[in-house]
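Novice: pasting a predicted model and its sequence here:
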Amino acid sequence: MITLIVNGQSRSVDVPADMPLLWVLRDVLFLTGTKFGCGIAQCGACTVHIDGKPVRSCLLPVGSIGTRAITTIETVGDTPNGAKVQKAWLELEVIQCGYCQSGQIMSATALLDSIPSPDDADIDADMAGNICRCGTYVRIREAIKRAAAEA
């Protein structure tokens, strides 16, 4: 058994230690907001927070997490910056197909947690690797700026 702290709750799972966190979240804990995209940690659809830092969950062995806190898209809106990001996403209608958006929101929230007023270069650097097949990058950038400007 492996015990994880997921969205503020202690959860025990009976899985192999080398099982990727993504599959534990989706298939064992039924937290399906985190998406499978590429399977090689290059697209960002599987982004979650580990102790507040964005990580790709598709390759991260669940046994390597230990007692570090995992936050998924299901509860990131309970954090101040997560709530601002989600609000801005809705106001600017960022979502087109929506598949990548949970990873985009997780990365944007972590960006605002580390850089409260990011400029374009900060946004480009921190959001690199989050691929949107619909090309909503302009709206994503504007939503991040709107969330940062919200008091």
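Specialist: Thanks, I have the structure now.
Novice: list the buried ones in stretch 141-150?
Specialist: 141, 143-148 (16 or more other C-beta atoms under 10 Å). Just so you know, the C-beta spots here come from the backbone N, C-alpha and C atoms, and that holds for glycine as well.
Novice: my bad, should have said stretch 5-25
Specialist: Within stretch 5-25, the residues that qualify as buried are 5-7, 11, 15, 19-25, counting by 16+ other C-beta under 10 Å.
Novice: quick one: the helices in the protein?
Specialist: Ranges of helices in the chain, per DSSP state H, are 21-23, 73-76, 80-91, 101-114, 120-127, 137-149.
Novice: dump those helices to TSV, plus mean pLDDT.
Specialist: Formatted as TSV, those follow (pLDDT from 0 to 100):
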stretch	mean pLDDT
helix 21-23	98
helix 73-76	97
helix 80-91	97
helix 101-114	96
helix 120-127	96
helix 137-149	96
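Novice: how about these, which one is nearest residue 43?
Specialist: Taking C-beta to C-beta, helix 101-114 is the member of those nearest to residue 43, at 7.6 Å.
Novice: nearest the middle, which residue of this structure would you pick?
Specialist: Residue closest to the mean C-alpha point of the chain, counted by C-alpha atoms, centre = their mean, is residue 106 at 2.8 Å.
Novice: which ones are touching residue 17?
Specialist: 2, 61-64 (C-beta atoms under 8 Å, 6 or more residues apart in numbering).
Novice: show residues contacting stretch 41-50.
Specialist: With C-beta under 8 Å, 6+ apart, stretch 41-50 has contacts from 21-22, 25, 34-38, 54-60, 65, 68-73, 76, 99-100, 102-104, 106-107, 109-110, 129-131.
Novice: in PyMOL, select just the buried ones from those residues.
Specialist: A single PyMOL command suffices to select whichever of those are buried according to 16+ other C-beta under 10 Å:
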select buried, resi 21+22+25+34+35+36+37+54+55+56+57+58+60+65+70+71+72+73+76+99+100+102+103+104+106+107+109+110+130+131
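Novice: residue 38 and residue 147: what is the separation?
Specialist: As judged by C-beta to C-beta, to the nearest Å, residue 38 and residue 147 stand 26 Å apart.
Novice: right, I mislabeled it, should have said residue 52
Specialist: Residue 52 sits 16 Å away from residue 147, going by C-beta to C-beta.
Novice: same check on residue 134?
Specialist: 20 Å.
Novice: that concludes my questions; thank you for your assistance.
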